[in-house]
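Student: Quick one: sequence and predicted model below, then my questions.
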Amino acid sequence: MRWLSSLESRLQWVAFPGLFKYLTFLGVIVFAWQWVDPTVVERIAFDREKILSGEFWRVLTFAFTPAGTAGFTPIGALFLFFAVMIAFLINDSLESVWGPTRTTLYILTAWICLVLGMFIFDPGTLSAGRYIYTSMFLAFATYFPNYEFRLFFFIPVKVRFLGWLALGMMIFSAIATPILLCVVVPTLIPYLLWVLPAEIRGQATLAKAAKRRQQFTLAKKSDAEAFHSCATCKRTEHDDDDLQFRVMPDGTEYCIEHLPVDDTTAK
């Protein structure tokens, strides 16, 4: 998209290579910190009243609490480990497609839109930061739909299905709790602006290419000289690959459907 390329060229100074990795790493620190101080999430989560009272850091630190107040447990730590590995994979994959500047702009756009939504509607959730991660995962699933994860170490699942699942969970949470629309919709804005349109154009291009390829194949097939031709219906082997022909002693050729009744002399 031209407007995005123009914006990217003007804002190259905001490029932060590996930003999503650092964001994930800070989330890990907060998650582990709960083992020492269970109230840490409440002290850094988004709170409109406290932000207006001077606790400005909450505008940034709420993104470090994707798990909310989930306690630090061994099972939780195991899942966190895999989540970190996936987050690092997402960062490297999207930067390979977009570059650091566009990837940074995507994260910042989701972040800013999320802050505006929560300022206006104040949903009071402690885990709003997870929607930034979900938005990044949806972008990854769109660009790399055939990448496989091994659930429980042996069940192969393509990431596009997990992407649909993540989107479905976001929609379900918004339906169950309508106030969450103010955090679901804003974090999807960057996806709707430059991921989905590019995907639609890509699918349209693939469809046109497939159609051109089919037309080329048909044209090539029709241009080839037919070896067999029915004297009655004029069909050739190009019309039907399964069509069978018989040649009469006088050299006249017929398909099986139009073969003369007395075909004992056909060869």
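Tutor: The structure has been received and is ready for your questions. Residues are numbered from 1 along each chain as shown.

Student: The closest residue to residue 244 other than its chain neighbours: neighbouring residues, count only.
Tutor: Excluding the flanking residues, the one nearest residue 244 by CB to CB, 6 or more residues apart in numbering is residue 256, at 4.7 Å. The way it works is simple: take the backbone N, C-alpha and C, and place the C-beta from them, glycine included. Close neighbours of residue 256, defined as other CB atoms under 10 Å, add up to 12.

Student: again with residue 177
Tutor: With other CB under 10 Å as criterion, residue 177 counts 13.

Student: what bits of the stretch 101-250 of the chain have low per-residue confidence?
Tutor: Residue ranges of the stretch 101-250 of the chain with pLDDT under 70: 152-153, 203-212, 214-226.

Student: on that earlier part again, list the contacts of the residue nearest to residue 244.
Tutor: Residues in contact with residue 256 (CB atoms under 8 Å, 6 or more residues apart in numbering) are 243-246.

Student: Nearest to residue 202 among those residues?
Tutor: residue 243 (38.9 Å; CB to CB).

Student: right, and that closest one touches residue 235 too?
Tutor: Yes: in this structure, residue 243 is within contact of residue 235 by CB atoms under 8 Å, at 6.3 Å.

Student: Residue 23 against residue 64, yeah?
Tutor: Yes: between residue 23 and residue 64 there is a contact at 7.4 Å, judged by CB under 8 Å.

Student: In contact with the residue nearest to the spatial centre of the chain, which residues?
Tutor: Centroid-nearest residue in the chain: residue 142, 1.7 Å away (criterion: CA atoms, centre = their mean). Residues near residue 142 by CB under 8 Å, 6+ apart: 160, 163, 191, 195-196, 199.

Student: Of the residues you listed, select the buried ones using a PyMOL command.
Tutor: The following PyMOL line selects those of the contacts of residue 142 that are buried, judged by 16 or more other CB atoms under 10 Å:
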select buried, resi 163+191+195
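
Student: Specify the residue ranges that define each domain of this structure.
Tutor: Domain assignment of the chain by automatic domain parsing yields the ranges 2-206, 228-267.

Student: Export the ones you listed as JSON lines, with columns for distance to residue 213.
Tutor: Formatted as JSON lines, the domains of the chain follow (distance: least, CB to CB, whole Å):
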{"stretch": "domain 2-206", "distance to residue 213": "10"}
{"stretch": "domain 228-267", "distance to residue 213": "18"}
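
Student: which residues of this protein fall in helices?
Tutor: Ranges of helices in the chain, per DSSP state H, are 2-10, 19-33, 40-44, 48-52, 58-61, 74-98, 100-121, 130-143, 159-176, 181-190, 196-223.

Student: want to throw those helices into a markdown table with distance to residue 260?
Tutor: Conversion of those to a markdown table gives the following (distance: least, CB to CB, whole Å):
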| stretch | distance to residue 260 |
| --- | --- |
| helix 2-10 | 67 |
| helix 19-33 | 76 |
| helix 40-44 | 89 |
| helix 48-52 | 91 |
| helix 58-61 | 88 |
| helix 74-98 | 65 |
| helix 100-121 | 71 |
| helix 130-143 | 61 |
| helix 159-176 | 57 |
| helix 181-190 | 70 |
| helix 196-223 | 28 |
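
Student: Good, wrapping up.
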